[in-house]
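Trainee: Task: produce atomic coordinates for the following.
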Amino acid sequence: MIVGCWTVLAVTRESSRSEKSDAKNAEGAARCRQLRTHHHTPPSSTLLNPMARFTYQPQPHFAGYTLAGVRRFVPTLGVWGLGAGAAVTLLLSSTPLFKKDVLLKVPLLSNYFEDKTPASDKPF
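Mentor: Okay, here's the model as predicted:
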């Protein structure tokens with residue numbers, strides 16, 4: 001078997017060794033010599049190893065979370081955040097402090113939450 005530019009022979013019985021495997025080894029050795037004499041990168045069709053070469057690069061992370069991992073959860077967290085904000089707004093809309101500090105400062109909601117009751121009709 002040819003691996004890179006090295007010939008690796010499996011330990012087998014002499015009778016199972018064929019001329020075909022010897023021819024392949026000789027052909028592979030010739031290709032290795034040919035590749036070594038060229039000073040440029042050979043085309044992919046002449047490479048001996050058809051497998052892709054993987055390079056491992058460290059991924060940047062913060063507290064163990066990578067950018068790809070966080071990106072998967074952004075839509076889900078956005079929906080849950082919107083739902084939580086709507087629930088807080090609904091539950092606190094009758095509270096005077098929340099109404100004055102938050103709801104009256106939102107441009108589209110300020111007219112709806114503005115108190116239009118005359119002062120004479122307010123008991124306190």
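Trainee: Okay, domains of the chain per the record?
Mentor: In terms of domains, the chain is parsed into 2-10+17-46, 61-121 (source: automatic domain parsing).
Trainee: Could you tell me the least trusted of those domains?
Mentor: For the domains of the chain, mean pLDDT drops lowest on domain 2-10+17-46, to a mean of 59.
Trainee: Which stretches in this protein count as helices?
Mentor: 19-37, 67-92, 96-101, 110-113 (DSSP state H).
Trainee: Kindly reformat the ones you listed as TSV containing distance to Pro123 and mean neighbour count.
Mentor: All C-beta spots, glycine's among them, are computed from the backbone N, C-alpha and C. As requested, these are arranged in TSV below (distance: least, Cβ to Cβ, whole Å; neighbours: other Cβ atoms under 10 Å):
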stretch	distance to Pro123	mean neighbour count
helix 19-37	96	12
helix 67-92	23	10
helix 96-101	14	12
helix 110-113	20	12
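Trainee: what would those look like in a markdown table with distance to Phe124?
Mentor: Shown next, in a markdown table, are these (distance: least, Cβ to Cβ, whole Å):
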| stretch | distance to Phe124 |
| --- | --- |
| helix 19-37 | 93 |
| helix 67-92 | 21 |
| helix 96-101 | 11 |
| helix 110-113 | 19 |
